[in-house]
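**Student:** pasting the sequence and the predicted model now:
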Amino acid sequence: MIKLVIFDADETLWAAYGYWASLLVPPLKRVSDNEIRDSEGKSIRLFDGVRQTLESLKNKGVLISLVSMNDREPNRVAECLELFGLSHYFIYPQVNWDDKGQNILRIIELLRKNEGKIIKCEEVLFVDDHLSNISKAIKACPGIKALHIGTDISQVTEVINHI
Ligand SMILES: [Mg+2]
(Lines give C-alpha, C1' and ligand atoms only; values in the text may rest on other atoms or scores of the structure.)
Protein backbone atom coordinates (compact mmCIF):
# COMPACT_ATOMS: atom_id res chain seq x y z
CA MET A 1 0.00 0.00 0.00
CA ILE A 2 1.31 3.43 -0.92
CA LYS A 3 1.60 5.74 2.10
CA LEU A 4 3.71 8.52 0.61
CA VAL A 5 3.78 10.09 -2.86
CA ILE A 6 6.78 12.24 -3.74
CA PHE A 7 6.51 14.53 -6.73
CA ASP A 8 9.10 16.33 -8.81
CA ALA A 9 8.13 19.97 -9.54
CA ASP A 10 9.33 21.28 -12.93
CA GLU A 11 7.59 19.51 -15.84
CA THR A 12 5.78 17.24 -13.39
CA LEU A 13 3.48 19.55 -11.43
CA TRP A 14 3.86 22.43 -13.83
CA ALA A 15 5.08 23.32 -17.30
CA ALA A 16 8.19 25.48 -17.11
CA TYR A 17 8.72 25.71 -20.86
CA GLY A 18 12.27 24.44 -20.91
CA TYR A 19 13.63 26.37 -17.94
CA TRP A 20 13.18 25.72 -14.27
CA ALA A 21 11.77 27.51 -11.24
CA SER A 22 15.14 28.90 -10.10
CA LEU A 23 15.40 30.91 -13.31
CA LEU A 24 12.27 32.91 -12.54
CA VAL A 25 13.10 36.55 -11.87
CA PRO A 26 11.13 38.21 -9.06
CA PRO A 27 8.71 39.59 -8.36
CA LEU A 28 6.55 36.59 -9.20
CA LYS A 29 2.88 37.13 -9.70
CA ARG A 30 -0.01 34.74 -9.94
CA VAL A 31 -1.89 35.89 -13.03
CA SER A 32 -4.59 33.22 -13.05
CA ASP A 33 -5.63 30.11 -11.14
CA ASN A 34 -2.91 28.05 -12.74
CA GLU A 35 -0.32 30.51 -13.99
CA ILE A 36 2.53 32.42 -12.37
CA ARG A 37 4.50 34.99 -14.32
CA ASP A 38 7.87 36.52 -13.46
CA SER A 39 9.08 40.08 -14.03
CA GLU A 40 10.45 39.13 -17.47
CA GLY A 41 7.24 37.53 -18.68
CA LYS A 42 8.38 33.92 -18.19
CA SER A 43 5.58 31.84 -16.82
CA ILE A 44 4.98 28.49 -15.24
CA ARG A 45 1.64 26.79 -15.65
CA LEU A 46 0.21 24.23 -13.30
CA PHE A 47 -0.86 21.15 -15.25
CA ASP A 48 -4.57 20.41 -15.40
CA GLY A 49 -5.81 18.25 -12.57
CA VAL A 50 -2.86 18.76 -10.22
CA ARG A 51 -5.02 20.39 -7.56
CA GLN A 52 -7.63 17.63 -7.73
CA THR A 53 -4.95 14.93 -7.61
CA LEU A 54 -3.32 16.41 -4.50
CA GLU A 55 -6.70 16.77 -2.83
CA SER A 56 -7.66 13.17 -3.69
CA LEU A 57 -4.39 11.85 -2.29
CA LYS A 58 -4.89 13.85 0.89
CA ASN A 59 -8.44 12.55 1.26
CA LYS A 60 -7.15 9.00 0.93
CA GLY A 61 -4.77 9.68 3.82
CA VAL A 62 -1.68 9.50 1.61
CA LEU A 63 1.22 11.74 2.61
CA ILE A 64 2.59 14.03 -0.09
CA SER A 65 6.08 15.42 -0.48
CA LEU A 66 8.32 16.87 -3.16
CA VAL A 67 11.90 16.69 -4.36
CA SER A 68 13.09 19.29 -6.82
CA MET A 69 16.50 20.09 -8.23
CA ASN A 70 16.52 23.84 -7.86
CA ASP A 71 18.30 26.42 -5.73
CA ARG A 72 17.49 26.16 -2.04
CA GLU A 73 18.01 29.90 -1.59
CA PRO A 74 16.06 31.68 -2.88
CA ASN A 75 13.53 28.85 -2.99
CA ARG A 76 11.40 29.65 -6.02
CA VAL A 77 9.71 26.25 -5.91
CA ALA A 78 8.39 27.01 -2.44
CA GLU A 79 7.37 30.47 -3.63
CA CYS A 80 5.43 29.01 -6.58
CA LEU A 81 3.71 26.43 -4.37
CA GLU A 82 2.76 29.25 -2.02
CA LEU A 83 1.42 31.44 -4.83
CA PHE A 84 -0.60 28.54 -6.21
CA GLY A 85 -1.97 27.90 -2.70
CA LEU A 86 -0.56 24.37 -2.64
CA SER A 87 2.15 24.54 0.05
CA HIS A 88 -0.01 22.92 2.70
CA TYR A 89 -0.12 19.62 0.82
CA PHE A 90 3.63 18.99 0.98
CA ILE A 91 5.39 17.64 4.04
CA TYR A 92 9.17 18.12 4.24
CA PRO A 93 9.65 19.21 0.60
CA GLN A 94 13.31 19.03 -0.46
CA VAL A 95 14.54 21.66 -2.89
CA ASN A 96 18.28 21.45 -3.53
CA TRP A 97 20.84 19.99 -5.94
CA ASP A 98 21.38 16.74 -4.03
CA ASP A 99 20.77 13.30 -5.52
CA LYS A 100 17.01 12.72 -5.49
CA GLY A 101 17.49 9.26 -4.03
CA GLN A 102 19.19 10.82 -1.01
CA ASN A 103 16.43 13.42 -0.74
CA ILE A 104 13.81 10.66 -0.71
CA LEU A 105 15.66 8.87 2.11
CA ARG A 106 15.84 12.20 3.95
CA ILE A 107 12.05 12.66 3.74
CA ILE A 108 11.46 9.12 5.04
CA GLU A 109 13.86 9.79 7.92
CA LEU A 110 12.23 13.15 8.79
CA LEU A 111 8.81 11.45 8.87
CA ARG A 112 10.19 8.77 11.19
CA LYS A 113 12.07 11.13 13.47
CA ASN A 114 9.59 14.00 13.67
CA GLU A 115 6.23 12.38 13.03
CA GLY A 116 6.80 8.83 14.26
CA LYS A 117 5.71 7.49 10.85
CA ILE A 118 7.55 4.41 9.67
CA ILE A 119 7.44 4.25 5.89
CA LYS A 120 9.19 1.57 3.86
CA CYS A 121 10.57 2.16 0.37
CA GLU A 122 7.91 -0.12 -1.13
CA GLU A 123 5.25 2.16 0.38
CA VAL A 124 6.59 5.19 -1.48
CA LEU A 125 5.58 6.29 -4.97
CA PHE A 126 7.93 8.69 -6.76
CA VAL A 127 6.85 10.69 -9.81
CA ASP A 128 9.35 12.44 -12.09
CA ASP A 129 9.82 13.36 -15.75
CA HIS A 130 13.52 12.40 -15.81
CA LEU A 131 14.53 8.74 -16.01
CA SER A 132 17.89 9.48 -14.38
CA ASN A 133 16.06 10.63 -11.25
CA ILE A 134 13.91 7.50 -11.27
CA SER A 135 17.09 5.38 -11.44
CA LYS A 136 18.64 7.25 -8.53
CA ALA A 137 15.47 6.80 -6.47
CA ILE A 138 15.43 3.04 -7.12
CA LYS A 139 19.12 2.75 -6.29
CA ALA A 140 18.80 4.63 -2.99
CA CYS A 141 15.47 3.15 -1.96
CA PRO A 142 15.13 -0.41 -3.36
CA GLY A 143 11.51 -1.45 -3.78
CA ILE A 144 10.24 2.09 -4.29
CA LYS A 145 7.45 2.44 -6.83
CA ALA A 146 8.22 5.01 -9.49
CA LEU A 147 6.28 6.52 -12.35
CA HIS A 148 8.05 8.25 -15.21
CA ILE A 149 5.99 10.97 -16.82
CA GLY A 150 6.23 10.27 -20.50
CA THR A 151 6.37 6.48 -20.42
CA ASP A 152 4.51 5.11 -17.38
CA ILE A 153 1.94 7.88 -17.28
CA SER A 154 1.30 10.91 -19.43
CA GLN A 155 0.12 13.24 -16.69
CA VAL A 156 -0.04 13.61 -12.93
CA THR A 157 -3.78 12.90 -12.77
CA GLU A 158 -3.00 9.24 -13.56
CA VAL A 159 -1.05 8.89 -10.31
CA ILE A 160 -4.28 8.22 -8.47
CA ASN A 161 -4.69 4.96 -10.45
CA HIS A 162 -1.44 3.68 -8.94
CA ILE A 163 -2.33 4.15 -5.28
MG1 LIG B 1 11.24 17.68 -13.67
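**Tutor:** The structure has been received and is ready for your questions.

**Student:** contacts and neighbour counts: CA atoms only from here.
**Tutor:** Fine.

**Student:** can you check which helix is longest in this structure?
**Tutor:** helix 100-115 (DSSP state H).

**Student:** moving C-terminal of that one, what's the next helix or strand?
**Tutor:** Next helix or strand after helix 100-115 toward the C-terminus (DSSP states H and E): strand 124-128.

**Student:** now for that next one, which elements pack on it?
**Tutor:** If you count contacts as 3 or more Cα pairs under 8 Å, 6 or more residues apart in numbering; DSSP states H and E, strand 124-128 packs onto strand 4-7, helix 131-140, strand 145-148.

**Student:** repeat that for 10 Å
**Tutor:** Counting by 3 or more Cα pairs under 10 Å, 6 or more residues apart in numbering; DSSP states H and E, the packing neighbours recorded for strand 124-128 are strand 4-7, strand 63-69, helix 100-115, helix 131-140, strand 145-148.

**Student:** what comes into contact with stretch 136-150?
**Tutor:** 2, 5-7, 11-12, 99-105, 120-135, 152-156, 158-159, 162 (Cα atoms under 10 Å, 6 or more residues apart in numbering).

**Student:** 6 Å - rerun?
**Tutor:** Contact with stretch 136-150 is made by 101, 121-122, 124-129, as judged by Cα atoms under 6 Å, 6 or more residues apart in numbering.

**Student:** which positions within that stretch qualify as buried?
**Tutor:** By neighbour count with 16 or more other Cα atoms under 10 Å, stretch 136-150 contains the buried residues 136-138, 140-141, 144-149.

**Student:** run through the residues that contact the residue of the chain found nearest the ion.
**Tutor:** Nearest residue of the chain to the ion, counting by Cα to the ion: residue 10, 4.1 Å away. For residue 10, the contact set (Cα under 6 Å, 6+ apart) is empty.

**Student:** report pLDDT for it.
**Tutor:** At residue 10, the pLDDT value in this model is 97.

**Student:** before we move on, what about residue 17?
**Tutor:** Residue 17 is given a pLDDT of 87.

**Student:** which strand or helix spans the nearest residue to it once chain neighbours are set aside?
**Tutor:** Leaving aside its sequence neighbours, residue 17 sits nearest to residue 44 (Cα to Cα, 6 or more residues apart in numbering; 7.3 Å). Per DSSP H and E, residue 44 falls inside strand 43-46.

**Student:** nothing else from me, thank you.
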